[in-house]
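In: Model the following, please.
(one chain, ligands or ions: 2)
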Amino acid sequence: MKNYVHAIPTKLYFGKGQISRLGEILDQFGKRVLLTYGGGSIKKIGLYDEVIGILNKGGFTVTELSGIEPNPRIESVEEGVRLCKENNIDVILAVGGGSTIDCSKAIAAGVFYEGGDLWQMVDSNHGALKALPLVDILTLSATGSEYDGGAVITNLKTNEKLGNMYTYPAASICDPTYTFTVSKYQTAAGTADIMSHIFEGYFSATEDSDLSDHIAEGVLKTAIKYLPVALAEPDNYTARANLMAVSSVACSGIPEYGKQGTGWPCHAMEHELSAFYDITHGVGLAILTPRWMRFILKKDPSCAWRFVRFAQNVWGIEGEDGLALANAGIDRLESFFKESGIPMTLTELGIGEEHFEEMAAHANFGGYLKNAFVPLTNEDIVEIYKACL
Ligand code: NZQ
Ligand code: ZN
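Out: Ligands and ions are numbered 1, 2, ... in the order given. From the prediction side, this is the model:
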């Protein structure tokens, strides 16, 4: 087991009705609030009115930034920073999914960024930055942005989508009832994202970090149990609550305690797909993951032990033949994604092979994936992309 140091400063308010704490949470930081949200889902579900009612009652001054895009753009970050400076904002309140929360993290840090060009902040090496306090109300179970310090920002002009560290939310209100309205497509994609956050750490060379492996398997089994329920009954509280709980844990770093880092190969490859084609993150991951698994199993069969464990402990598949078990686990995963309605080929998304080499070179910049569970070269990545067509 490797050494680790870990702290998550975010206070989670989980469960139905936790919004009643919103006024008191914001009051710790000040009265001038930047309210950020996406394309309008929060208005459709009545959450916007509820939030505005609480803010008015509490005497808060509200400035709004709406229209934050899925795969949030640098332009939204720039606009948010401008609004914060102009209105002397004390605290940002992000209401939405990972895109809104991510954009808000970059805004919170961007306010204090001294260089003129905010894309340079996104594209430079740094740890957590000085930032305005950020509070969020989560409406989609997927990214774990409500419980981590990272954010992913897109620049469509340069075809870049870059993850970086910014700031942790001070508080996250996670009320599963707000996710009742999430479409089947986004519910399935979000669950694929949750599961991928686990795979990225689970498939690591470290064999003896039992706690992490059991947490990882528990998250996967919870997601596998409750995704079909949430798809069949969108307002099933237990299903939505379990998906929301695993969303926060999966990307928190906890399932990787004591494990060797991997570079998160599927995320590195997926961010290129989103950067070039603006696709839904979880869909890109669902398409890539089984192909990546088959590729690394073939490239280095000595890693089969991990896939056998996955097949046995997560899917409950039995058998004596290790390689057959390993492959059966991967097949089950692919069928699971397919049955949840996710388009499982890049061709279905209208993506061809024209940019694969450029995307592979960027995903693997500086040999980034040379320390993955099974190291990947640019040529390997192109092959994985091709297997997804
Ligand atoms: O924009 P609105 O109108 O709000 O609609 C959104 C959006 O169209 C909709 N939605 C959200 N909550 C809803 C709802 N529709 C109905 N009812 C609700 N309650 O869902 C659509 C997708 O929203 P988005 O926020 O884009 O989804 P998600 O939470 O999956 O976030 C994806 C972004 O997060 C990044 C991804 O790369 C992508 O840019 N990630 C962030 C991470 C992090 N911060 O740690 C890690 C992840 O690996 C990921 O990379
Ligand atoms: Zn992800």
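In: can stretch 227-246 be found next to ligand 1?
Out: No. On the criterion Cβ under 6 Å from any ligand atom, stretch 227-246 is out of touch with ligand 1, staying 9.6 Å away. Any C-beta I mention is one placed from the backbone N, CA and C, and that applies to glycine too.
In: And that stretch, how far out from the chain middle?
Out: Mean C-alpha position of stretch 227-246 versus that of the full chain (Cα atoms, centre = their mean, to the nearest Å) differs by 18 Å.
In: Check the secondary structure at the nearest residue to T177 once chain neighbours are set aside for me.
Out: Distances taken as Cβ to Cβ, 6 or more residues apart in numbering put K16 closest to T177, at 5.5 Å, once the chain neighbours are dropped. Using DSSP: H, G, I helix; E, B strand; the rest coil, the structure places K16 in coil.
In: my guess is K16 meets C174, correct?
Out: No. At 10.2 Å, K16 does not count as touching C174 under the criterion of Cβ atoms under 8 Å.
In: Which one's more surrounded, those two?
Out: Neighbour totals were compared for K16 and C174, and C174 leads with 23 against 11 (other Cβ atoms under 10 Å).
In: From L369, how far off is that one?
Out: 32 Å (Cβ to Cβ, to the nearest Å).
In: And for I19?
Out: Taken as Cβ to Cβ, the span from I19 to L369 is 41 Å.
In: Give me the more crowded residue out of those two.
Out: L369 (24 against 19).
In: Pretty sure the more buried one sits in a helix.
Out: Yes. If the criterion is three-state DSSP, then L369 is within a helix.
In: nearest spatial neighbour of it, skipping sequence neighbours?
Out: L376 (4.2 Å).
In: secondary structure class for that neighbour?
Out: Here L376 is recorded as coil under three-state DSSP.
In: Could you double-check that it sits in contact with V382?
Out: No. Counting by Cβ under 8 Å, L376 does not reach V382; the two are 10.2 Å apart.
In: Outside of stretch 195-208 itself, list whatever touches it.
Out: 1-2, 144, 212-213, 216-217, 219-220, 223-224, 250-251, 255-256, 258-262, 264-267, 282, 285-286, 289, 293, 296, 303, 305-306, 310, 373 (Cβ atoms under 8 Å, 6 or more residues apart in numbering).
In: Narrow those residues to those that are buried.
Out: Using 16 or more other Cβ atoms under 10 Å as the burial test, the contacts of stretch 195-208 include 144, 212-213, 216-217, 219-220, 223-224, 250-251, 255-256, 258-259, 262, 264-267, 282, 285-286, 289, 293, 296, 303, 306, 310, 373 as buried.
In: Residue numbers of the chain in contact with ligand 1?
Out: 38-42, 45, 70-71, 96-100, 102, 139-140, 142-145, 148, 150-152, 178-179, 181-182, 186, 190, 193, 251, 267, 281-282.
In: Show the buried residues in those residues.
Out: 38, 41-42, 45, 70-71, 96-100, 102, 139-140, 142-145, 148, 150-152, 178-179, 181-182, 186, 190, 193, 251, 267, 281-282.
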